[in-house]
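In: I would like to see how this sequence folds:
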Amino acid sequence: MTRDMNIKVVCDGKNCSTELEIDLDDGNWDEIPDMKIERELERNGWYSNLDGDYCTKCAEKARKDWRNGGEG
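Out: Below is the predicted model:
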């Protein structure tokens, strides 16, 4: 039996449906899957905070909102 170990991350930006597919089979098997996901998001220019994950189009607004303490 084979299993395809991919995960699809969808941007949490308002009205954004940008997706990033991450292959968890790539790389080091000793690496924790959450760390692989974070590394790939960062490598692809995404921004993450406690509110979610944001694609390159939404990253700057998400950073600004995070600094200002909420969406605005």
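In: For residue 68, see how far away residue 37 is.
Out: As judged by C-beta to C-beta, to the nearest Å, residue 37 and residue 68 stand 26 Å apart. In this view, the C-beta of every residue, glycine as well, is placed from N, C-alpha and C.
In: Likewise for residue 20?
Out: Distance from residue 20 to residue 68, counting by C-beta to C-beta: 26 Å.
In: Tell me which of the two has more neighbours.
Out: residue 20 (18 against 9; other C-beta atoms under 10 Å).
In: residue ranges of the helices in the chain, please?
Out: Using DSSP state H, the helices of the chain run over 33-43, 59-67.
In: Let's have those in CSV, adding distance to residue 5 and mean neighbour count.
Out: Below are these laid out as CSV (distance: least, C-beta to C-beta, whole Å; neighbours: other C-beta atoms under 10 Å):
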stretch, distance to residue 5, mean neighbour count
helix 33-43, 8, 14
helix 59-67, 26, 15
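In: Give the buried residues for stretch 20-27.
Out: Buried residues in stretch 20-27, defined by neighbour count with 16 or more other C-beta atoms under 10 Å: 20, 22, 24.
In: Residues in contact with it: which ones?
Out: Under the contact criterion C-beta atoms under 8 Å, 6 or more residues apart in numbering, stretch 20-27 has outside partners 4-9, 33, 36-37, 40-41, 44, 46, 55.
In: Give the other helices and strands that the lowest-mean-pLDDT helix or strand in the chain contacts.
Out: Ranking every helix and strand in the chain by mean pLDDT, DSSP states H and E puts helix 33-43 at the bottom, with a mean of 91. Packing contacts for helix 33-43, counted by 3 or more C-beta pairs under 8 Å, 6 or more residues apart in numbering; DSSP states H and E, involve strand 6-10, strand 19-23, strand 47-49.
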